[in-house]
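K.L.:
From the sequence below, what's the structure:
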Amino acid sequence: MLDVSPQAFDSWNSLEGFYSLEVAKPRPVQHRKDWRSQGQAGLSWVGEQLPGVALAAALAYGAEAGADWIGHQVLGYKQSPINGVPLAIVFGITLCNTVGIPKGFQAGLKTCMRPIQRLAIVLLGWRLSLGAVGAVGVRAIPAVVIAIAVALVVVPWAGMKVGLSRKLATLIAVGTSICGVSAIMATAPTIDAEESEVSYAVACVAIFGMLAMITYPFLMPLLWGASQLKIGIFLGTAIHDTAQVTGAALSYQQMHNAPAVLNTATVVKIMRNLSMAAVIPFMATSFHRNTKGTSSANRTKVQILPLFVVGFLAMTVIRTIGDATPNAAFGFVSPALWKSFLTLMDHSSTDLLTVVMAAIGLSTGLASLRKLGIKPFFVGLFAALLVGGVSAIVIHLLPWLRS
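P.N.:
The predicted structure follows:
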């Protein structure tokens, strides 16, 4: 997760659309694939994905079982204070940096960290109705807006003060304040960032976001007591990437039986993701304001509204419609069946998120710390602490969040 492969940027310098200087060769005749060849291609794809997905799933299952055993049998707690999410990450990091992960597992691990992660977040939408989303969103807006604004202003300034390039400082700022790696990858082409700058920014956000994901759930009772609303808003605003936010909130939920924390943190993180639609064009325009021409800021189209956000919102709409007809959801689904379905979606999303956390650990090479360099490291740490500190101050000052 922390290393950005150079091949990811090959398309930036491609000559697609230009004629080759070599003598053109006749194209081979394209034969339409029959159902057997299509089936074989599908099985080959499954074979490529299966090792990595199976390893992450086995590690997640082992972490959950190990957490229950330690909490109940070793420590003697009825409600185990140990949970599977951080344990899955620790198991994965340990395995990755000791034994090592063969290349044959990489495709499946990437699938866990992208499509499966997105699917898990979409399924989280079944936990909430539009009313709940709106209630959380209205209360959290000041914390989200102020934390993003402060980071976008202060982090680039601080980065350039210690000698970072303006591009690298900008990428660290958007990655920390908005939505981690997705924001970095969406912003990079609009400011013509170099490959090394993108790699450093991704590493910064991944490292400090992961540290926050592991440590924050244990600090929340000291900071906010038992207020699930405050804890959810803080986790949703103070941690970088979507998977990291949901991982931290899921960890706290499992430790304290607090489902409202995961619900709130997910909604707040979705709000930060939606801010990409305004922030990234603004940052691109601002970056190129003092340069000759601004065509580079507009030449690359980026996805500023991730599809998983749309999917999450769509699930909340369907949940709202189903709940609006209590006698029979949608007019034909019995209340018992509707409740069972929602429970299944809840369990499925949390199980998938644990698998995602295991895959993140299995993809985290500590060698990235050495590649990062000292200055970007400290700027990334400063950015993480700044966003967390601003979020905590705003939450403390908001009158409607005071208990």
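
K.L.:
Show me how far stretch 59-69 is from its chain's centre.
P.N.:
Computed by CA atoms, centre = their mean, to the nearest Å, the chain-centroid distance of stretch 59-69 equals 23 Å.

K.L.:
oh, I was asking about stretch 67-77
P.N.:
30 Å.

K.L.:
Gln244: what's it in contact with?
P.N.:
Counting by CB atoms under 8 Å, 6 or more residues apart in numbering, Gln244 touches 180, 209-210, 212-213. (Each C-beta comes from the backbone N, C-alpha and C, glycine too.)

K.L.:
Any stretches of the stretch 201-350 of the chain with poor pLDDT?
P.N.:
289-306 (pLDDT under 70).

K.L.:
Which residue ranges of it form helices?
P.N.:
Under the criterion DSSP state H, counting those that start in this stretch, helices of the stretch 201-350 of the chain are mapped to 228-238, 242-256, 259-274, 276-287, 295-298, 307-323, 335-362.

K.L.:
Out of those, which is closest to Gly100?
P.N.:
With CB to CB as the measure, helix 335-362 is the member of the helices of the stretch 201-350 of the chain nearest Gly100 (10.3 Å).

K.L.:
now the angle from that closest one to helix 307-323?
P.N.:
Between helix 335-362 and helix 307-323, the angle comes out at 160 degrees (axes from the mean of the first three to the mean of the last three CA atoms, to 10 degrees).

K.L.:
Ok, which of the helices of the stretch 201-350 of the chain comes nearest Ala384?
P.N.:
Of the helices of the stretch 201-350 of the chain, nearest to Ala384 by CB to CB is helix 228-238, at 8.0 Å.

K.L.:
quick check, distance from the closest one to the centre of its chain.
P.N.:
Computed by CA atoms, centre = their mean, the chain-centroid distance of helix 228-238 equals 15 Å.

K.L.:
I would like the residues contacting that helix, please.
P.N.:
136, 139-140, 143-144, 147, 212, 216-217, 220, 223-224, 245, 248-249, 252, 258, 260-269, 271-272, 387-388, 391-392, 395, 401, 403.

K.L.:
Now, of the residues you listed, which are buried?
P.N.:
By neighbour count, with 16 or more other CB atoms under 10 Å, the contacts of helix 228-238 hold 136, 139-140, 143-144, 147, 212, 216-217, 220, 224, 245, 248-249, 252, 258, 260-269, 271-272, 387-388, 391-392, 395, 401 as buried.

K.L.:
Return the distance of stretch 190-206 from the chain's centre.
P.N.:
16 Å.

K.L.:
For the residue nearest the centre of the chain, list the residues it contacts.
P.N.:
Central residue of the chain (CA atoms, centre = their mean): Thr242, 2.6 Å from the mean position. When contacts are counted by CB under 8 Å, 6+ apart, Thr242 is found next to 117, 121, 179-180, 182, 269, 273, 308.

K.L.:
Appreciated, that's everything.
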